[in-house]
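Novice: Pasting the sequence and the predicted coordinates here, then a few questions.
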Amino acid sequence: MRAVNYSEVLQLVCELAGFTYATTASQTLMRLRGHISRRFRSIWECDYWPELTRVQERHYRSDYASGTSYAAPTTTTSTEVFYPPTKGYYQVLRASTGNAPATLSGAYTTNTAYWYNAQASYSGNDWAASTVYTVGTVVRYPDNNRYYSCHTAHTSGATFDATKFGILTPFDKYIAYEQAGQTAIGEVRDVLTTDPQVDRLFSTANWTLSRNGVQVPDGPAIVWLEFRTRFTPLLGDDYSATATYAVGDQILFNSSGSVKNFYTCVTATSAGESPNTAAAKWSLIEIPYLFQPYLVTGAFADFLIMDGQMDKAAAQNRIADEYLADELQKLHDLQPQYQRLAVSGAYHSSL
């Protein structure tokens with residue numbers, strides 16, 4: 001992406017305000033930073049800019065990892081995973097490390113001693129005393145109306161033996177707004193059943209938004225999510241070589257000469273680990289080149305409002321709006337983009 005440095009935007013705002021950038025008081029620079037950040041969000045979220053829009057393959061749960069310890073389920077929590085070899089989702093039944101959800105013996109067979117196929121709902125006969133239960137048998141326990149899968153073969157006694165069963169939780173198919181190793185989701189544009197960047201014959205899945213994420217109740221096991229990346233406000237203080245930073249901390253860093261940009265910490269640092277000396281621990285907050293004119297004039301307009309110069313602010317606001325309109329015209333009119341062909345109709349789903 002073609003980008004501009006934050007210090008360049010800030011300097012241009014200072015010049016419009018009649019300040020000498022190099023000698024402007026830090027308190028004034030912080031005020032201008034707030035104006036720039038607010039305008040940054042405004043233009044970021046006003047359209048699906050190509051620079052900010054992503055199409056990514058997504059799973060509803062994290063991939064199974066063989067070296068991970070998975071805890072036994074409880075009445076309130078359970079662990080579900082996506083298993084790439086079968087393209088299926090599984091719920092753990094008891095504490096497990098190194099026990100794969102499925103085994104290959106001609107065809108993949110679910111490892112029902114530790115896992116069960118994740119489903120939206122379950123069915124089975126009521127649990128009964130003095131009954132032989134084999135591994136993989138699902139029962140309903142009348143006392144709490146919950147379903148359980150037998151992971152240890154046994155003959156039941158007079159009371160329900162929870163150590164021989166794993167409780168089953170209905171599988172809620174959603175893509176969390178934040179998934180480990182994935183780009184955080186801002187606003188969702190569409191959920192697709194194949195990759196629209198390489199396959200024109202795709203379908204759109206039914207989806208809604210919830211507090212958990214993007215709900216795709218009848219979607220296929222794998223979907224492609226089209227979304228705008230999440231906006232990050234510009235809040236960081238100047239970098240300190242004596243400070244340590246935690247994941248998520250933000251700094252304003254002078255990388256060379258007078259060039260300053262904001263960075264977010266992605267891996268905890270030790271003192272002295274800057275974006276120059278430990279680049280892998282920092283992520284640059286990029287400002288798209290096309291945003292610069294709007295940010296400069298819009299931030300200056302907001303500065304004038306705070307200074308009580310309402311007439312001058314209105315004039316600058318009009319100029320800012322014109323800059324924004326120019327960029328939107330470039331996006332939608334001067335660069336005509338033909339919509340991909342969406343195919344309506346049912347698609348196979350095993351979940």
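Specialist: Thanks, I have the structure now.
Novice: in the stretch 151-300 of the chain, which spans are helices?
Specialist: Secondary structure of the stretch 151-300 of the chain (DSSP state H, counting those that start in this stretch): helices at 292-306.
Novice: so where does the closest residue to Phe165 other than its chain neighbours fall, helix or strand?
Specialist: Spatial nearest neighbour of Phe165, chain neighbours left out: Tyr148 (3.8 Å); criterion: C-beta to C-beta, 6 or more residues apart in numbering. C-beta: built from backbone N, CA, C; applies to glycine. Assigned by DSSP states H and E, Tyr148 belongs to strand 146-150.
Novice: Is it correct that the residue nearest to Phe165 is in contact with Ile167?
Specialist: Yes - the criterion here is C-beta atoms under 8 Å, and Tyr148 meets it with Ile167 at 5.4 Å.
Novice: Among those two, which residue is more densely surrounded?
Specialist: When Tyr148 is set against Ile167 and neighbours are counted by other C-beta atoms under 10 Å, the residue ahead is Tyr148, at 25 against 20.
Novice: Relative to Asp126, how far out is that one?
Specialist: Shown here: Tyr148 relative to Asp126, a distance of 11 Å by C-beta to C-beta, to the nearest Å.
Novice: One more: Ala268?
Specialist: Going from Ala268 to Asp126 by C-beta to C-beta gives 51 Å.
Novice: and if you look at Arg31?
Specialist: When distances are taken as C-beta to C-beta, Arg31 and Asp126 turn out to be 68 Å apart.
Novice: and the closest residue to Thr152 other than its chain neighbours, what does it touch?
Specialist: Distance criterion C-beta to C-beta, 6+ apart; nearest residue to Thr152, sequence neighbours excluded, is Lys164 at 4.5 Å. Applying C-beta atoms under 8 Å, 6 or more residues apart in numbering, we find Lys164 in contact with Tyr133, Cys150, His151, Thr152, His154.
Novice: who's in contact with the residue nearest to Phe165?
Specialist: With C-beta under 8 Å, 6+ apart as the criterion, the residues that contact Tyr148 are Trp127, Val138, Val139, Arg140, Tyr141, Ala162, Phe165, Gly166, Ile167, Leu168.
Novice: Drop anything exposed from these.
Specialist: Among these, those that count as buried by neighbour count (16 or more other C-beta atoms under 10 Å) are Trp127, Val138, Val139, Arg140, Tyr141, Phe165, Gly166, Ile167, Leu168.
Novice: With adjacent residues omitted, what lies nearest to the third one?
Specialist: It stands for Val139. Trp127 (4.3 Å).
Novice: buried set for the lowest-mean-pLDDT helix or strand in the chain?
Specialist: Using mean pLDDT, DSSP states H and E, the weakest-scoring helix or strand in the chain turns out to be strand 102-105, at a mean of 91. The neighbour-count check on strand 102-105 (16+ other C-beta under 10 Å) flags Ala102 as buried.
Novice: Stretch 130-149 too?
Specialist: Residues of stretch 130-149 classed as buried by neighbour count (16+ other C-beta under 10 Å): Tyr133, Val135, Thr137, Val138, Val139, Arg140, Tyr141, Tyr147, Tyr148, Ser149.
Novice: what about it, how long is it end to end?
Specialist: Length of stretch 130-149, first residue to last, C-alpha to C-alpha, to the nearest Å: 17 Å.
Novice: again with stretch 15-29
Specialist: The distance separating the two terminal residues of stretch 15-29, taken as C-alpha to C-alpha, comes to 12 Å.
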